[in-house]
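S.K.: How does the following fold in three dimensions:
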Amino acid sequence: MSLEKHHGGWVIIVSFIAGLLLTIMPLPLWAKAWRPDWVAMILIYWCIALPQRVGVATGWLVGVIQDVLTDTLLGQHALTLHLIAFISVKSHRRMRISTFWQQSFWIFIMILVSQAVHTWIHAMLGYPPRDWSFLYPAFSSAILWTWIFIILRDVRRAYQVS
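M.R.: Residues are numbered from 1 along each chain as shown. Have a look, this model is predicted:
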């Protein structure tokens with residue numbers, strides 16, 4: 001147990017709320033398939049930046065909240081965000097020293113695995129995939145990762161989140 005006092009927990013909560021709001025924000029029909037996985041990217045950032053504060057339990061809790069907000073099978077997002085948080089916490093040292101291109105590649109892989117699990121769950125429920133559109137969120141998330149990382153890093157530094 002750490003004796004140092006943590007600061008800025010509200011910043012972490014507000015960032016997850018912003019990610020959840022971006023997830024449920026209405027988009028035009030053509031853009032829905034390309035919606036980045038905002039919550040997963042925010043979770044990955046906080047797991048990399050503060051692995052002692054944000055981890056697997058946070059991923060599961062935020063996933064359950066996302067399941068309720070998006071009206072999906074309860075536990076679907078919780079499972080994938082739990083997995084993403086586990087991988088992020090275990091590889092946070094490696095991710096910290098990686099370049100933005102390498103980080104974007106890892107984001108692509110993690111979101112792709114998440115989307116594959118979602119597609120598998122939908123197939124088990126009787127909704128087989130018709131095309132390869134489950135790849136689109138992985139592409140858009142990888143493209144936006146650098147900006148998300150920079151914005152959250154600057155917010156973390158400005159509010160001295162530790």
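S.K.: so which strand or helix has the nearest residue in space to residue 160 that is not next to it in sequence?
M.R.: Sequence neighbours aside, residue 7 is the residue nearest to residue 160 in space, at 5.5 Å (criterion: CB to CB, 6 or more residues apart in numbering). For glycine as for every other residue, the C-beta is placed from the backbone atoms N, C-alpha and C. Counting by DSSP states H and E, no helix or strand carries residue 7.
S.K.: Low-confidence bits of the chain, can you list those?
M.R.: 1-4 (pLDDT under 70).
S.K.: And the strands in it?
M.R.: In the chain, no segments count as strands under DSSP state E.
S.K.: With residue 84 as the reference, measure out to the residue nearest to the spatial centre of it.
M.R.: The residue lying closest to the centre of the chain (CA atoms, centre = their mean) is residue 40, at 0.7 Å. Distance, residue 40 to residue 84, by CB to CB, to the nearest Å: 5 Å.
S.K.: residues shared between the contacts of these two?
M.R.: 110, 114 (CB atoms under 8 Å, 6 or more residues apart in numbering).
S.K.: got a list of what the spatially closest residue to residue 41 that is not a sequence neighbour touches?
M.R.: Sequence neighbours aside, residue 148 is the residue nearest to residue 41 in space, at 4.9 Å (criterion: CB to CB, 6+ apart). By CB under 8 Å, 6+ apart, the contact list for residue 148 reads 41, 42, 45.
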